[in-house]
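> Kindly generate the corresponding structure for this input.
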Amino acid sequence: MAVTLSSPDKVLWPEVGLTKRDLFDYVREASDRLLPQVADRPLSFKRFPRGVDAKGFFQKDLPDHAPEAIGRWRQWAESADREVAYALVDDVEGLEWLAQQNVVELHPALFRVDRPDRGDQLVFDVDPGPDPIPPARVARWIREVLVELGLDPVAKTSGGRGLHVIVPIERRYGQDLLRPLTLAIARMVVDRHPDVLTVEMRKDERHGRTLVDWSRSGASTLIAAWSPRAHPQATVATPLDWDEVTDELDPTAFTLRTVLDRPDPWEGAWQVQRLERAATAVVDAGFDLLDASPRGRTGSYLGGTAR
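Take a look at the predicted model:
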């Protein structure tokens, strides 16, 4: 599938002068890093036909005019009351075609299509609030608890102010464990720092504290590592070495122009792990494995110490 780039001089990031050609060239040059993050995963994406300063839109359904070479994973969507054809992108031409469609952000599912009932990541999303606590400090606190539970996480920037702490896991666990376990671990972290952290998804319940977002594990999506973001500075969601996760870390420092000059700190570090011992340790510590709606309050009925 040959991809022809149209309007290469269209400016997508006005503040830094980066164009559609720059996006096209980036996804091609980053393909050896990007493709392992999206291949075999239902892909949602954000398009910005008028650049990131204008309103873009989130798209799940691959349009009918998309090349047949791009795979489809069809799934009934209750919210839309129809079948949705998610894109499956497994080669550089697929990435180039998305760039031609002004796709800036790639949001793969946290599972692969051969086992959609089995996620392969626990995700903790550090969502900073008005409190000036550095997101990197929160990420280190999350790592500290995970290591105590016998788990070895990796980290990446979100491409914005936040950070993602991720535990790669074996594909043997369903949603009945993944989100409850992520929530319980998040609550363990919050219990140690209750004045500055929260697990409350509702903003009016956070009271300025940093959110340790537990809601993505299971069937959700997450911005792909090495994906560009619709940020004025053309940031990229960037894998980190834990030595870089200091209070001085600026998560917006990694951009389309510079990020590929870095080595890949996740190379050789993505080791899938079992969860049974961690789950037992969490319960033994008094934090029950109970699910909660991200739209509801988490402290009113969950076991253990509520924060």
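> my read: Ala225 touches Pro239, true?
Yes: counting by CB atoms under 8 Å, Ala225 touches Pro239, with 5.1 Å between them. Heads up, the C-betas are built off the backbone N, CA and C, glycines and all.
> got any residues that touch both of the two?
Overlap of the contact sets of Ala225 and Pro239 (by CB atoms under 8 Å, 6 or more residues apart in numbering) consists of Lys156, Trp266.
> And for the residue nearest to Phe48 when sequence neighbours are not counted, the neighbour number?
Leaving aside its chain neighbours, Phe48 sits nearest to Gly56 (3.8 Å; criterion: CB to CB, 6 or more residues apart in numbering). Residues near Gly56, counting by other CB atoms under 10 Å, number 19.
> Then the one 4 residues further on?
By the other CB under 10 Å criterion, the neighbourhood of Lys60 contains 18 residues.
> Leaving out sequence neighbours, find the closest residue to it.
Ser44 (4.7 Å).
> Phi and psi next, for the one you found.
With angles defined as degrees, to the nearest 10, Ser44 sits at phi -100, psi 160.
> Across the sheet, point out what pairs with it.
Beta-bridge partners for Ser44, by DSSP bridges, are His107.
> Run through the helices of the chain in chain order.
Counting by DSSP state H, the chain has helices at residues 20-29, 31-38, 92-100, 135-148, 175-192, 276-284.
> so where is the stretch 201-307 of the chain shaky, pLDDT-wise?
Low-confidence segments of the stretch 201-307 of the chain (pLDDT under 70): 293-307.
> What are the boundaries of the strands in the stretch 101-250 of the chain?
Counting by DSSP state E, counting those that start in this stretch, the stretch 101-250 of the chain has strands at residues 103-108, 121-127, 154-157, 163-168, 197-198, 210-213, 239-240.
> Quick one: closest of these to Thr255.
strand 154-157 (10.9 Å; CB to CB).
> Give me the buried positions along that closest one.
The neighbour-count check on strand 154-157 (16 or more other CB atoms under 10 Å) flags Val154, Ala155, Lys156, Thr157 as buried.
> Let's have those in a markdown table, adding distance to Asp9.
Below are the buried residues of strand 154-157 laid out as a markdown table (distance: CB to CB, whole Å):
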| residue | distance to Asp9 |
| --- | --- |
| Val154 | 37 |
| Ala155 | 36 |
| Lys156 | 31 |
| Thr157 | 29 |
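> Among the residues you listed, which pair sits farthest apart?
Val154 and Thr157 (11.9 Å).
> which residues do the two both contact?
Joint contacts of Val154 and Thr157 (CB under 8 Å, 6+ apart) are Leu240.
> Neighbours of the nearest residue to Tyr86 once chain neighbours are set aside, how many?
Spatial nearest neighbour of Tyr86, chain neighbours left out: Pro42 (3.6 Å); criterion: CB to CB, 6+ apart. Counted by other CB under 10 Å, the residues lying close to Pro42 total 27.
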